[in-house]
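# coordinates for the following, if possible.
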Amino acid sequence: MFRSVLVPIHRAGWPFIGVALAAAVLLGLLWEPLFWLGLLAAAYCAYFFRDPPRVTPTRVGLVIAPADGMVLPIERAVPPPELELGDEPLTRISIFLNVFNVHINRVPLDGTVTALSYRPGKFLNASLDKASEDNERMSVKVTTYDGVDLGFIQIAGLVARRIVCELKAGEPVRAGQVFGLIRFGSRMDVFLPEGVAPLVVPYQTTVAGETVLADLQSGEPARQGEER
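Below you'll find the predicted structure:
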């Protein structure tokens, strides 16, 4: 009951909340209305870094959304070279996070972290395709216990200036596990293995740790959808 009302806050957010509260007090000493503006900023920081619990489907082979947000047009694209997923295009599911989405990122499937690569870059609007290539990013590859590789990438956006990834190479991970965040607007790309169809459609809303993006063990064709 309390977890649905009092949402936990990720530890990365506490420094921002503390600074905003301190600024509110100091500004309030100068002019009282500024205190309330500072308090509003602290409240937004608490809202932004919220880390609500999620119920993750646990069947083997399910690829779970690593981020809250909106699915952008699903396309085939060549994965970044640091993931070593080959030179051929794969199905890419891109999730755009606006500044009101939960920004906590979760691992999309069970396996072992077999590649990690950080690359500094630009801070273009994360909804643009070229953001995948030009923006600051953190690329991760997880290999399942059956030997299937899946790559996913944290991409900084127009406002975001800091990617947090707590994973380590060789670490075993579970689907739905919290592994990091991207601050203030961003994007997450997921590259599906060849032959695996997406089970989400463009402009659908995803919930990190809960929405099923794909099923490695299913022959179901790509789904269609429309706004109603």
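# pLDDT weak spots in the protein?
Within the chain, the ranges that satisfy pLDDT under 70 run 1-5, 126-127, 159-161, 185.
# just the helices in it please.
Here the chain has its helices, by DSSP state H, at 2-5, 14-30, 32-48, 131-134.
# reformat those helices as JSON lines; add distance to Pro89 and mean neighbour count.
For the C-beta atoms, the positions are set from N, CA and C on the backbone; glycine is no exception. Converted to JSON lines, the helices of the chain look like this (distance: least, C-beta to C-beta, whole Å; neighbours: other C-beta atoms under 10 Å):
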{"stretch": "helix 2-5", "distance to Pro89": "42", "mean neighbour count": "7"}
{"stretch": "helix 14-30", "distance to Pro89": "39", "mean neighbour count": "14"}
{"stretch": "helix 32-48", "distance to Pro89": "34", "mean neighbour count": "15"}
{"stretch": "helix 131-134", "distance to Pro89": "13", "mean neighbour count": "19"}
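# now those in TSV, with distance to Val71?
Output for those, formatted as TSV (distance: least, C-beta to C-beta, whole Å):
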stretch	distance to Val71
helix 2-5	26
helix 14-30	28
helix 32-48	21
helix 131-134	14
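# out of these, which gets nearest to Pro193?
Of all those, helix 131-134 sits nearest to Pro193, with 18.3 Å by C-beta to C-beta.
# that closest one - contacts with which helices or strands?
strand 149-156, strand 186-191 (3 or more C-beta pairs under 8 Å, 6 or more residues apart in numbering; DSSP states H and E).
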